[in-house]
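> Following is a predicted model, sequence given first.
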Amino acid sequence: MILHPFLFAIFPILFLFARNIEEVTWGHVYVPVLLSLVLAALLLLLVRIFMRDWLKSGVVASVWLLLIFSYGHIYDVIYKLGEGVVWVPHKVLLIVWLVILSVAFYLVRKSKVDFKVINRGLNFMAGFLVALSLINILLHQSPLDVRPTDSSAQPVGQSAAIDNPDIYFILLDGYSGQQNLEEFYGYDNSSFLNDLKSRGFYVADKSLSNYATTRSSLPSALNMDYLDALSPTGEAEYVRKNFFVHNELVNNNAISRLLKDSGYAYIHFGSMWELTAKNPYADINVNKQSLSEFLAILYRTTAFYPFNYVIGDWLNLDVRQAQWDRIYYQFEELAKMPDLEVGSPKFIFFHVGIPHGPYVFNQNGSFVVEEKDPAVGWEHAPESYLNQSIFLNRQLIIAIDSILSQSKQPPVIILWSDHASRAIVLDKDVDRVADISDVALRSYFRNFGAYLLPDNGADELYKTITPVNIFRVVLNKYFGANLQLLPDISYMDTPKSGYKYEDVTSRVAYE
C-alpha cells in the first residue's frame with residue numbers, strides 16, 4: 001500500500017499542533033488535514049499520469065510534499081544563518097525548489113531499483129513521524145471535562161445606570177515602558193506620554209506586568225487575581241497548561257460578567273490570536289476575518305506562500321497582510337464606539353496585536369513588504385518593533401481624541417500592556433528562572449500603563465500599579481465595590497520548569 005504521501009502530508013500539521021498544544025484544539029486541525037490529504041491525492045494522481053508506475057509516483061509525491069511543507073522552515077534557516085544581512089529572496093529559493101522537484105522526478109523515473117522496498121521504508125518512516133506527533137499530542141492534551149471554578153471576584157455595589165461611563169480596556173500587546181524603550185532601543189517616548197498626560201491620563205511610569213506572556217497576563221488581569229487563586233487546583237501552572245480552563249477564564253472573565261450583570265453591553269475587538277479573536281460571551285464581536293492563526297502559520301511554512309507576492313493576496317491568506325488590514329479596521333471601528341447605540345453603557349475590550357510581531361507597519365503606517373525586509377517575522381527585531389510602536393502611538397492619540405470628542409460622558413480609558421517587548425531573547429533550553437539575568441527580566445516585565453479615570457479617579461492610582469489591580473480600582477471608584485488591592489507581584493516561568501512561577505518582583509522593580 002502507498003500510504004507515505006498521505007502520512008507525510010499530515011505530519012507537518014500534527015507536528016505544529018503538538019508544538020502548540022496549549023494554544024489550539026483538534027477543531028483547528030481538521031480543515032488543514034483534509035486539505036493536505038486532498039493535495040497528496042492530487043499530486044499522486046498527477047505524477048501517475050506521467051510516471052505510469054504507482055510505486056514511483058508515490059515516491060515522487062512524497063518528495064514533493066516534503067519540499068512544499070519544508071519551504072518556509074528552510075527560508076527561515078537561511079535568514080538566520082545570514083544573521084539578517086544576507087538572505088535568499090523567495091523567487092530565487094522557489095527556482096531552486098522547482099529544480100529539485102524536477103530532478104527528483106527525473107531520477108525516480110529513470111531509476112531501476114526495487115521501489116517495493118523503498119515504499120515499505122517510506123511507509124514506516126512516515127508512520128513513525130505521525131505516531132510520534134500523535135503520542136505527544138495525546139500525552140499533553142488537556143482533559144475535556146475540566147472547567148474552571150468561579151472567580152473569587154465580588155459583585156459590584158450598584159447597577160449601571162444609562163449615564164455610567166463607557167469603559168475602554170485597550171491591550172497593547174508587548175508595549176514597553178519608557179525606561180525599557182530608552183535602555184533597549186535608545187528611544188525617548190516622552191512626547192507620546194506628554195500627549196497622554198495633556199489629555200488627562202495618569203501614566204504609571206514604574207508599572208510592571210504580573211507575568212511575562214499574554215497567555216499568563218490576560219486571564220489574571222481580566223479576573224483581577226493571580227493564576228494560583230484562579231486555578232481549580234490552587235496551582236498557577238495548571239491554568240497555564242490547561243487549554244479549557246485558560247480559555248474559559250479569558251472568555252467568561254470576571255470583569256465582563258460583573259459589568260454585564262450591571263447593565264453594560266460587552267463589545268469585543270478581536271486580535272489575530274486564536275484566544276481573543278472572538279468571544280462567545282460578548283454582545284458584539286468586531287474583527288476582520290481571515291485565516292485562523294494556526295492555518296496562517298502553517299500556510300506560511302509552505303511553498304505556496306511566496307506566490308502572494310506574485311498574484312496578490314486575493315484569497316486573504318497572508319497572515320501579515322491580514323494583520324495590517326485588521327489593525328486599521330480595528331481603529332476605524334473604535335472611533336465609532338461613542339456613537340454606537342446599544343441602550344446601555346459599553347464595555348469595550350480592544351486587543352491590538354502590536355507592537356508585538358509580526359512586524360507589518362512602518363512608522364508612517366505603510367505595509368512592510370517581507371521580501372524587502374526579512375526581519376519582520378515573529379521573532380523580536382528591534383528596528384521593526386520600534387517602528388511599529390511609533391505608528392501605534394499616533395493611532396492611539398487619534399483614537400483617543402475621537403473618543404473624547406464624541407463621548408457624551410467622560411469615558412474610562414485603560415491603556416495597558418500584558419508584558420514588555422522581551423528585547424532579550426532567552427535560550428529555549430533555560431530551565432531555571434535563577435539563570436535568567438536581571439537585564440533580560442526587565443525587558444520582559446517593565447510594561448506600559450496609562451489610565452484615564454474621570455472624576456478624580458486617578459487619585460486611587462499609584463506609579464507601581466500592576467494589571468491585576470487596575471479593575472479593582474475602577475470598580476471601587478465607579479461602582480461602589482469594596483475590593484481590596486492585591487500585592488503587586490511579578491512572576492516568571494520557563495517551559496522547561498513545567499511553568500513553575502517564581503516571584504521576580506525585586507529583580508525587575510524600578511530603583
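Sure thing, it's come through.
> Just the strands from this protein, written as ranges.
167-172, 202-203, 265-269, 284-286, 346-352, 412-416, 449-452, 491-492, 502-503 (DSSP state E).
> ok, residues contacting the fifth one?
Pointing back at strand 346-352 there. By Cβ atoms under 8 Å, 6 or more residues apart in numbering, the residues outside strand 346-352 that reach it are 166-173, 255-256, 259-260, 264-271, 273, 276, 279, 282, 327, 330-331, 334, 337, 340, 392. Any C-beta I mention is one placed from the backbone N, CA and C, and that applies to glycine too.
> Could you check the pLDDT of the closest residue to Asn364 other than its chain neighbours?
Of all residues not flanking Asn364 in the chain, Phe391 sits nearest, at 7.3 Å (Cβ to Cβ, 6 or more residues apart in numbering). Phe391 is assigned 97 on the pLDDT scale.
> hey, where'd the helices end up in the stretch 401-511 of the chain?
438-445, 467-479, 505-508 (DSSP state H, counting those that start in this stretch).
> returning to what we had before: quick one, which of the strands of the chain gets closest to Phe124.
Nearest to Phe124 among the strands of the chain is strand 491-492 (43.0 Å), distances taken as Cβ to Cβ.
> how close does Met337 get to Phe331?
11 Å (Cβ to Cβ, to the nearest Å).
> Tell me, please, where in the stretch 101-250 of the chain the pLDDT is lower than the cut-off.
140-163 (pLDDT under 70).
> What segments of it are helices?
Under DSSP H, counting those that start in this stretch, the stretch 101-250 of the chain gives helices at 115-140, 178-185, 190-198, 214-223, 227-230, 236-241, 243-251.
> how much does the last one deviate in direction from helix 214-223?
I take that to be helix 243-251. 50 degrees (axes from the mean of the first three to the mean of the last three Cα atoms, to 10 degrees).
> got it, and the longest one?
Here helix 115-140 points in a direction 30 degrees away from that of helix 214-223 (the same axes, to 10 degrees).
> Walk me through the domains of the chain.
Domains of the chain are assigned by automatic domain parsing as 4-140, 167-508.
> As CSV, these with mean neighbour count would be great.
Formatted as CSV, the domains of the chain follow (neighbours: other Cβ atoms under 10 Å):
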stretch, mean neighbour count
domain 4-140, 16
domain 167-508, 19
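> surely Gly200 meets Asp455?
No - applying Cβ atoms under 8 Å as the test, Gly200 and Asp455 come out as separate, 11.0 Å apart.
> And Ile398, how far from Tyr385?
Ile398 is 21 Å from Tyr385, by Cβ to Cβ.
> Phe184 now?
Relative to Tyr385, and taking Cβ to Cβ, Phe184 is found at 9 Å.
> Between the two, which contacts overlap?
Ser421, Ala423.
> right, so of the helices of the stretch 101-250 of the chain, which gets closest to Ser421?
helix 178-185 (6.4 Å).
> Okay, angle between that closest one and helix 190-198 too, please.
170 degrees.
> and the angle from helix 178-185 to helix 438-445?
Relative orientation of helix 178-185 versus helix 438-445 (the same axes, to 10 degrees): 120 degrees.
> Just the CA atoms of helix 178-185, as CSV, please.
This file holds the C-alpha atoms of helix 178-185, laid out as CSV (Å, rounded to 0.1, in the frame of the first residue of the first chain):
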residue,chain,number,x,y,z
GLN,A,178,9.6,54.4,28.9
GLN,A,179,12.7,53.1,30.6
ASN,A,180,12.8,49.9,28.5
LEU,A,181,12.4,51.9,25.3
GLU,A,182,15.4,54.1,26.4
GLU,A,183,17.5,51.2,27.6
PHE,A,184,17.0,48.7,24.8
TYR,A,185,16.1,50.9,21.8
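> Need the residues that contact it.
176, 187-190, 193, 205, 382, 385-386, 389, 420-421, 423-424, 442-443, 446, 510.
> which residues touch Phe192?
Counted by Cβ under 8 Å, 6+ apart, Phe192 has contacts Asn393, Leu396, Ile397.
> try it again with 7 Å
By Cβ atoms under 7 Å, 6 or more residues apart in numbering, Phe192 lies in contact with Asn393.
> quick one on the thing from earlier: Serialize the helices of the stretch 101-250 of the chain to TSV and add fields for distance to Ala9.
Listed next are the helices of the stretch 101-250 of the chain as TSV, based on distance: least, Cβ to Cβ, whole Å:
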stretch	distance to Ala9
helix 115-140	9
helix 178-185	42
helix 190-198	48
helix 214-223	30
helix 227-230	38
helix 236-241	30
helix 243-251	26
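> among these, which is nearest Pro467?
Among the helices of the stretch 101-250 of the chain, if distance is taken as Cβ to Cβ, the winner is helix 214-223, at 3.9 Å.
> what about dumping the CA coordinates of that closest one to CSV?
In CSV, the C-alpha atoms belonging to helix 214-223 read as follows (Å, rounded to 0.1, in the frame of the first residue of the first chain):
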residue,chain,number,x,y,z
THR,A,214,0.0,37.2,27.2
ARG,A,215,-1.2,33.8,28.0
SER,A,216,-0.5,34.3,31.7
SER,A,217,-1.2,38.0,32.0
LEU,A,218,-4.5,38.2,30.3
PRO,A,219,-6.6,35.8,32.5
SER,A,220,-5.0,37.4,35.5
ALA,A,221,-5.9,40.9,34.5
LEU,A,222,-9.4,40.1,33.3
ASN,A,223,-10.2,38.3,36.6
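> Show me how far that helix is from its chain's centre.
13 Å (Cα atoms, centre = their mean, to the nearest Å).
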